[in-house]
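[1] sequence isn't available, so here's the structure alone:
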């Protein structure tokens, strides 16, 4: 496998869209919305405490440094999720834990509280899965879901993930390890 094949996921920021949403690279214009989302405790109680957008208080700096600290290092790719009709920022789609040799990647999604229950998560996850399988040529996609996050588990299953591992304790940066289930989509090639 040559270097170009191995790094397909990080060649460029993708743009994914359907009739409801667009997923694309964030810009400094998203800083205020990102700040509002980061202040929503109900969003961040279901995700690790060490997420990139929490690294700096100044969200303009977060967005400005995403290339250097996440994308260029292949650590993760954070993309904004927007309503197609209005362009309104609704949350973050993330690709992380990229293993090019295994053609494996993990994905996550976090939406602002006011956009929960509007099918945005289902649309976003389907677009992300399609991108990883069809454009980035992944064979394995994983999603780690906190067991108490029933809504995310339901979306994962609706989008084709299969719960493969249950009752796993992971360090998400809280005082105690978090109990998660690991969901997988595996394409046989």
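    Perfect, thanks for sending it. Computed from a prediction, not measured in an experiment: that's the story for all the values here.
[2] residue 147 contacts residue 181, correct?
    Yes: proximity of residue 147 to residue 181 meets the contact threshold set by Cβ atoms under 8 Å, at 5.8 Å. (Each C-beta comes from the backbone N, C-alpha and C, glycine too.)
[3] okay, those two: which has more neighbours?
    Higher neighbour count among residue 147 and residue 181: residue 181, with 20 against 13, using other Cβ atoms under 10 Å.
[4] so which bits of the helix or strand where residue 157 lies are buried?
    Assessed by DSSP states H and E, residue 157 sits inside helix 150-158. Judged by neighbour count (16 or more other Cβ atoms under 10 Å), helix 150-158 contains these buried residues: 152-153, 155-156.
[5] by contact count, what packs against the lengthiest helix in the chain?
    Counting by DSSP state H, the longest helix found in the chain is helix 120-130. Packing partners of helix 120-130 (3 or more Cβ pairs under 8 Å, 6 or more residues apart in numbering; DSSP states H and E): strand 16-17, strand 21-24, strand 76-83, strand 89-99, strand 104-111, helix 150-158.
[6] in that helix, what counts as buried?
    120-129.
[7] pretty sure residue 16 sits against residue 126.
    No: when contacts are counted by Cβ under 8 Å, residue 16 is not listed as touching residue 126 (9.4 Å).
[8] what about residue 32, helix or strand, and which?
    helix 31-38.
[9] so which residues make contact with that helix?
    26, 43-44, 53-54, 59-60, 62-63, 88-89, 91-92, 110, 112 (Cβ atoms under 8 Å, 6 or more residues apart in numbering).
[10] lowest-pLDDT helix or strand in this protein?
    Lowest on mean pLDDT, DSSP states H and E among the helices and strands of the chain sits helix 3-6, with a mean of 45.
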